[in-house]
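Enquirer: predicted model, plus sequence, below.
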Amino acid sequence: EQMHWLACALYVACRKGVVPTVGRGGLHQGNGVSLTRLLRSTHLSLVQFFNKARKWADMCNLKKELREKIDKLERNFAVSNVIFKKYQPIFVDLFRDPAQDPPKVARSRKSKRPPCTPGELFDFCWTLFIRVKAAFPSISDDLVNSYHLLLATCDYVYSNAVMDKRDDLLNPGFDGGEEGGEREE
């Protein structure tokens, strides 16, 4: 449990720091310590972190800005958690089920990389959603706008797979929303 409190103290200390940036001569809040790495190192779940961080904020009389940062991070996590639960069935409706991916085969360094699998596409699509969502902080904790962004991301990836004729990725049971249930060739 001491490591958990240390993680909270370290997170707060890191957030208080300011590091100069390269190029524009600006300053960056925090020192680049990854919260994910910090939590993994201390075997602390994100939910446990939020509970302890609130208590830590009370004990240390932290500034309102840092408390709001922790609250926003928690709301962002809650939204992402709900959206991810919606993402999985949407993905399987559009694409082949990643659980059915064939096992990875060892290949030599010189051989050509095989085309992406549904599992890799699943990871790519979710990562793209998270990256775009992070670029728009005003919607990061907004469930409705985040869901719309998820749908737009899935549509974008699906459209590209169709245009590239990647039938190996597409769910043959999904008609693509076209009349008669046939995809255009």
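Expert: Looks like it arrived, so ask away.

Enquirer: CA only for contacts and neighbour counts going forward, please
Expert: OK.

Enquirer: which secondary element of this structure has the worst mean pLDDT?
Expert: strand 27-29 (a mean of 62; mean pLDDT, DSSP states H and E).

Enquirer: identify the residues contacting residue 11.
Expert: Counting by C-alpha atoms under 8 Å, 6 or more residues apart in numbering, residue 11 touches 33, 35.

Enquirer: so for it, what's the pLDDT?
Expert: Confidence at residue 11, expressed as pLDDT, is 85.

Enquirer: gap between the residue nearest the centre of the chain and residue 83?
Expert: Nearest to the mean C-alpha position of the chain, by C-alpha atoms, centre = their mean, lies residue 130 at 4.0 Å. From residue 130 across to residue 83, the span is 10 Å (C-alpha to C-alpha, to the nearest Å).

Enquirer: over to residue 122?
Expert: Using C-alpha to C-alpha, residue 122 is found at 14 Å from residue 83.

Enquirer: between the two, which is the more surrounded one?
Expert: Comparing residue 122 with residue 83 by other C-alpha atoms under 10 Å, the one with more neighbours is residue 122, at 22 against 18.

Enquirer: quick one: that one and residue 91 touch, right?
Expert: Yes: using C-alpha atoms under 8 Å, residue 122 and residue 91 qualify as a contacting pair, with a distance of 7.1 Å.

Enquirer: quick one, what contacts residue 12?
Expert: residue 66.

Enquirer: ok, and for the helix or strand hosting it, which residues are buried?
Expert: Element membership for residue 12 (DSSP states H and E) is helix 2-16. For helix 2-16, a neighbour-count test (16 or more other C-alpha atoms under 10 Å) marks 4-5, 7-9, 11-12, 14-15 as buried.

Enquirer: quick one, helices of the protein?
Expert: 2-16, 35-42, 46-59, 64-94, 118-135, 143-163 (DSSP state H).

Enquirer: alright, calling it a day.
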